[in-house]
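# next comes the sequence, and after it the predicted model I'd like to discuss.
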Amino acid sequence: MSIRELLRDAFADDEEGFAQLDWEHALGGVHVVLKVDDTIISHAAVVERTLEIDGQPFRTGYVEAVATRIGHHGRGFGSAVMAEVNDIIRERFELGALGTGRFTFYERLGWERWRGPSSVRTQHGLVRTHDDDGSILALRTPASRPVSLEDPMSCEWRPGDVW
């Protein structure tokens, strides 16, 4: 099973599935893959993005394409992949971020829910992303500057899901 097949299967029940643009968002970064007997069980990618918090840029390790093979949930595979992701982010970035609906999984691994308003930076200025408010998590790193989880956060525009 390839990474693409793993992601397609893992997100099959999601209303939007795992689209081509979702895959493209995961490319160009660091991929963490957990295999058992040459079978890919879990995956996550860390891609560099510039997020702005209260107008200040942060070099961010943004987490994309997190999935564990169907039938292998609850065995610690996803946690193992995310532990490696956390290490990568803490070593290389000012901040970690991701968008999710699975808060408990990430929060127990040190991620914090962003409570401030979210926006996307476009050629026409900031555009609020109300639907993403409350679904963005952040991971502070040794290089993180002090920020409040209530501060406004923005990302650069990209096709597909901006967060």
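On my side now, so go ahead. Residues are numbered from 1 along each chain as shown.

# could you pull out the strands for the protein?
30-36, 39-53, 56-68, 95-99, 112-113, 118-122, 125-128, 136-140, 153-156 (DSSP state E).

# in this protein, where is pLDDT below threshold?
Residues of the chain that meet the criterion pLDDT under 70 lie in 1, 15.

# return the residues in contact with residue 80.
34, 42 (CB atoms under 8 Å, 6 or more residues apart in numbering). Where C-beta positions appear, they are placed from N, C-alpha and C, glycine not excepted.

# before we move on, back to that, make a markdown table out of the strands of the chain and add mean neighbour count.
Shown next, in a markdown table, are these (neighbours: other CB atoms under 10 Å):
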| stretch | mean neighbour count |
| --- | --- |
| strand 30-36 | 15 |
| strand 39-53 | 20 |
| strand 56-68 | 21 |
| strand 95-99 | 23 |
| strand 112-113 | 14 |
| strand 118-122 | 17 |
| strand 125-128 | 12 |
| strand 136-140 | 22 |
| strand 153-156 | 21 |
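
# and those strands: which comes nearest residue 7?
strand 56-68 (5.2 Å; CB to CB).

# that closest one: partners in the sheet, and parallel or antiparallel?
strand 39-53 (antiparallel), strand 95-99 (parallel) (DSSP bridges).

# closest to residue 16 out of the strands of the chain?
strand 95-99 (12.8 Å).

# so how far is that closest one off the chain centroid?
5 Å (CA atoms, centre = their mean, to the nearest Å).

# from residue 39, how far out is the closest residue in space to residue 135 that isn't next to it in sequence?
Once flanking residues are discounted, residue 135 sits nearest to residue 99: 5.4 Å by CB to CB, 6 or more residues apart in numbering. Look at residue 99 and residue 39: by CB to CB, to the nearest Å, they are 28 Å apart.

# count of residues packed around residue 72?
15 (other CB atoms under 10 Å).

# any idea what sits nearest it, other than its immediate chain neighbours?
Residue 72 sits nearest to residue 41 (CB to CB, 6+ apart), 5.3 Å away.

# can you check residue 154 too?
residue 119 (4.3 Å).

# check contacts around that neighbour.
126-129, 152-155.

# looks like residue 147 contacts residue 53 (just checking).
Yes - counting by CB atoms under 8 Å, residue 53 is a contact partner of residue 147 at 4.9 Å.
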